[in-house]
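Asker: any chance you can model this:
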Amino acid sequence: MRPSRVLCSIVHITPRPCMMASPLKLSYIELQNAQGIESVKFQLNGGEYSLARSQEKSDTFSKAFDKPLTLDTEPLSLSVSRKRSWFSCCSETDPETVTIRPDHVQSKLDRQEFQHVWDKISIKLRFLPQTQSGVTAPSVPANPVPSQSTTEQPIAGRSTSATKALNAGTRVAADIPAPSNTLAPPNRKDLRPTTEDLIQQCPRFRVLVVGKSGVGKSTLINRIFGVNTASVEKDKPGEADIEQEFTSPENDRLILHDSKGFEAGDAGNFETVKSFIVKRKKEPDIKNQLHAVWLCFQIPIPTHGERLLEDAAEAFLKIRKEVLGNTPTIVVFTKHDRLVTFMRQRMPNDPEAGKRYLQEECVQLIKEFTGENIAHVARPPAKAKYEQGLKDLISLTQDMVSMSFTSAENRVSPVPLAAAGAQRMLPTLKVDLSIAVGKQKYWSALGTSANFPGHTIQDCLRVIHNDIVAVWNFYDPYQYLNSEEFRKVMMNMVERVDAPAEPNSLARTDSLTGGVPLIALAPVMLPLNAFLGLGKWVLATYQRLQDVPTKFMAYIVDLTHVLEILFSLTAGIRAKKLTRMAVKMAYKAYLESQWVMYTHVEIRNFQCWTAARDVVLEKITTMITSDGREVQVSRALERMPSVDLERDEEWTSEEASR
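Answerer: Next up, the predicted model:
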């Protein structure tokens, strides 16, 4: 019997045309009540994407986009494939198609959400809010479902022509957007974040890593820049392409160039590296120039017949100054653990043998070829020391980048800002750059109204908030840190400066069977007033009143402390998307710590009666950079219960408990 053919149904949504204010940015798509559906795909602007089935609800499919897709003139087409029944196992089935037109979405858009019911299936689209200026702020799925699709975007990918267009200053489509932290809520035209222009000048820190396959380049990049898997080790030996730009959606402040090491008898790579560096030096735009070079050399083991430097490496070091000029260059000695193990076996009674060997056979040898004390870092084997070695590399790179790319004194250069933002190991650099950015414009003269004439306090706090968050550069694709909810809880925390701190409640030890903390399973409860309406001071026009500077001081210091705690709290999962759970836990840990009490008491007792010098800025700087911050962070986290930081939930307890 000839198999029957199941006809497909095609639904076109074609209402009357309507004017669109600006292109829509799709951030989330979800299908609910999709019983009997095998798979869902959709096409938009020539690209095809798969929706993942929810692990909790088999009739729900969804996909969230780190990089929002543009819905402008081309319709969005959903392709829905149904499961085959037992009776139709031999029949040929075609997917059913739903076409959604942009003009219909625009006309039915309700608070950045579009909903449509097709064949009893609920289709939900979420978009970033539209603005008059064309800059959009993020919209967050009410309960985003983690994507399980096997077609997810790779962790680190080679750049396309879109990347080159972006580097050339051309505005491109959504496949490679500007860094996510620039997508902050808009401000009035004459009140813009200081970081906005700086990031536009240099969106990403561009580093060249030179080293043989297997020397540990991938681990180096992963740990320092907080990405899951770098592509540098995926290339087979001898196949690395130095011209390729490796980027990662997990850290949009980084561009990595990888070059294979200088192999024995290989003069070709020497010329390739040299030509690449010379070409980058001639780039007119600072964002396209090379910002740093890491030369990775594996420490040779005595008696193993290994060499630290091949002939090509020696030749490169000899002309390093001529080729690189002032480009920051650091030698990284890798595989230190092999050396330590060898020395312990051969010379167990001489604990300094490995250190002497490294100095005499590696550092001194490099010095002979360069004729100078070239900056270098060795990665010790012990975990704690290994982390310190990476931190030393970050600090050294930051210092050299600042010297090479900063001209005016006390001014923030785009390249040091990109470097500090890209690294995800040293919170002190984030704090230092936040202060530098603040001094450059909005933090200065907070005791007067010089910087904010005619603006509300809420407007002023908004640009300050944007600047601080942009410097920290968390992997925050849903923009939780720039959300109105987070801004509101921070402003409500500021209002506590004028009132005594509430008793701690985080120390609760209630438990269920098996000793699991109760709070670890229940929604995280923030104070009841955290999301209530703000005081009238927020909407008042900025003016030099006695309590205004203290409000600004509290907001800046409190926000910085919360982000420090969040940085430490998420240290092990920085390659994962930031969740509201993590943000709320960092906020709660600070709110119920002694740290916030000391901070607010110090601010309440602060006297600002003179405008002769910037005493407010001086006080902020002193409080943010005070000694013992690491201890305060640790103490704030000590009493925090064990929770799944990767689990997302709503901001308010009422929504989270639904």
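
Asker: could you pull up the mean pLDDT of stretch 590-597?
Answerer: Along stretch 590-597, the predicted confidence averages to a pLDDT of 92.

Asker: please save the CA atoms from that stretch in PDB.
Answerer: Listed in PDB are the C-alpha atoms of stretch 590-597, where the atom choice follows Å, rounded to 0.1, in the frame of the first residue of the first chain:
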ATOM      1  CA  TYR A 590      26.100  42.600  51.900                       C
ATOM      2  CA  LEU A 591      22.900  43.900  53.300                       C
ATOM      3  CA  GLU A 592      23.000  41.600  56.300                       C
ATOM      4  CA  SER A 593      26.800  42.000  57.000                       C
ATOM      5  CA  GLN A 594      28.700  44.100  59.400                       C
ATOM      6  CA  TRP A 595      30.300  45.700  56.300                       C
ATOM      7  CA  VAL A 596      27.200  47.600  55.300                       C
ATOM      8  CA  MET A 597      26.700  48.800  58.900                       C
END
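
Asker: any buried residues in it, and which?
Answerer: Within stretch 590-597, the residues that qualify as buried are 590, 591, 592, 593, 595, 596, 597, counting by 16 or more other C-beta atoms under 10 Å. (Each C-beta comes from the backbone N, C-alpha and C, glycine too.)

Asker: what does stretch 279-298 give?
Answerer: Buried-residue list, stretch 279-298, by 16+ other C-beta under 10 Å: 280, 287-298.

Asker: so residue 391 sits in a strand?
Answerer: No: secondary structure assignment (DSSP: H, G, I helix; E, B strand; the rest coil) places residue 391 in helix, not in a strand.

Asker: number of nearby residues for it?
Answerer: The criterion is other C-beta atoms under 10 Å. On that basis, residue 391 has 17 neighbouring residues.

Asker: same deal with residue 128?
Answerer: For residue 128, the neighbour count with other C-beta under 10 Å is 21.

Asker: how close does it sit to residue 250?
Answerer: Here the criterion is C-beta to C-beta, to the nearest Å. By it, residue 128 lies 20 Å from residue 250.

Asker: on that earlier part again, from the buried residues of stretch 279-298, which land in helices?
Answerer: Using DSSP state H, the members of those that fall within helices are residue 280.

Asker: okay, helices next: where are they in the stretch 351-500 of the chain?
Answerer: Under the criterion DSSP state H, counting those that start in this stretch, helices of the stretch 351-500 of the chain are mapped to 353-358, 364-370, 383-405, 414-422, 427-440, 457-472, 484-495.

Asker: name the residues that touch stretch 407-416?
Answerer: Applying C-beta atoms under 8 Å, 6 or more residues apart in numbering, the set of residues contacting stretch 407-416 from outside is 194, 198-199, 201-202, 205, 286-287, 291, 398, 401-402, 404-406, 433, 436-437, 439-440.

Asker: low-confidence stretches in the stretch 201-350 of the chain?
Answerer: Low-confidence regions of the stretch 201-350 of the chain, defined by pLDDT under 70, span residues 229-240, 261-268, 302-312, 337.

Asker: hey, where'd the helices end up in it?
Answerer: 217-225, 268-281, 311-318, 320-324, 336-346.

Asker: out of these, which is the most enclosed?
Answerer: When neighbours are counted by mean count of other C-beta atoms under 10 Å, the highest per-stretch mean among these falls to helix 217-225, a mean of 21.

Asker: need the three-state assignment for residue 29.
Answerer: Classified using three-state DSSP, residue 29 is strand.

Asker: from residue 53, how far off is it?
Answerer: Using C-beta to C-beta, residue 29 is found at 13 Å from residue 53.

Asker: what do you get for residue 398?
Answerer: Noted for residue 398: a distance of 44 Å to residue 53, by C-beta to C-beta.

Asker: longest strand anywhere in the chain?
Answerer: Secondary structure of the chain read by DSSP state E shows that its longest strand is strand 61-71.

Asker: quick one: strands adjacent to that strand?
Answerer: Within its sheet, and counting by DSSP bridges, strand 61-71 is paired with strand 24-32 (antiparallel), strand 52-53 (antiparallel).

Asker: so which of those comes closest to residue 39?
Answerer: Distances from residue 39 to each of these were compared using C-beta to C-beta; the shortest belongs to strand 52-53, at 8.1 Å.

Asker: could you give me the average pLDDT of the closest one?
Answerer: Mean predicted confidence for strand 52-53 is 84.

Asker: and for stretch 417-429?
Answerer: Averaging pLDDT along stretch 417-429 yields 94.

Asker: gap between the two ends of that stretch?
Answerer: End-to-end span of stretch 417-429 (C-alpha to C-alpha, to the nearest Å): 10 Å.

Asker: buried set for that stretch?
Answerer: Within stretch 417-429, the residues that qualify as buried by neighbour count (16+ other C-beta under 10 Å) are 417, 418, 419, 420, 421, 422, 423, 424, 425, 426, 427, 429.

Asker: gap between the closest residue to residue 257 other than its chain neighbours and residue 398?
Answerer: In space, not counting the residues next to it along the chain, residue 257 is nearest to residue 208; the distance is 4.4 Å by C-beta to C-beta, 6 or more residues apart in numbering. Residue 208 is 17 Å from residue 398, where distance means C-beta to C-beta.

Asker: next: residue 473.
Answerer: Counting by C-beta to C-beta, the gap from residue 473 to residue 398 is 14 Å.

Asker: tell me which of the two has more neighbours.
Answerer: Neighbours around residue 473 and residue 398, counted as other C-beta under 10 Å, are more numerous at residue 473. The numbers are 24 against 20.

Asker: ok so, going back, test my guess that the residue nearest to residue 257 contacts residue 272.
Answerer: No: counting by C-beta atoms under 8 Å, residue 208 sits too far from residue 272 to count as a contact (11.4 Å).

Asker: give me the common contacts of the two.
Answerer: Shared contacts of residue 208 and residue 272 (C-beta under 8 Å, 6+ apart): 242, 259.

Asker: residues of stretch 472-492 that come out buried?
Answerer: For stretch 472-492, a neighbour-count test (16+ other C-beta under 10 Å) marks 472-483, 485-492 as buried.

Asker: how about it as CSV, C-alpha atoms only?
Answerer: Presented in CSV, the C-alpha positions along stretch 472-492 are these (Å, rounded to 0.1, in the frame of the first residue of the first chain):
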residue,chain,number,x,y,z
TRP,A,472,33.1,45.0,36.1
ASN,A,473,32.0,43.3,32.9
PHE,A,474,30.1,40.3,34.3
TYR,A,475,28.8,37.7,31.8
ASP,A,476,25.3,39.2,32.1
PRO,A,477,23.5,38.6,28.8
TYR,A,478,20.1,39.3,30.3
GLN,A,479,21.5,42.6,31.8
TYR,A,480,20.3,41.9,35.3
LEU,A,481,22.8,44.3,36.7
ASN,A,482,21.4,47.1,34.5
SER,A,483,17.8,46.2,35.2
GLU,A,484,15.4,48.6,36.8
GLU,A,485,14.8,46.0,39.5
PHE,A,486,18.4,45.9,40.6
ARG,A,487,18.7,49.7,40.4
LYS,A,488,15.6,50.0,42.6
VAL,A,489,17.0,47.7,45.3
MET,A,490,20.3,49.6,45.3
MET,A,491,18.5,52.9,45.8
ASN,A,492,16.4,51.4,48.6
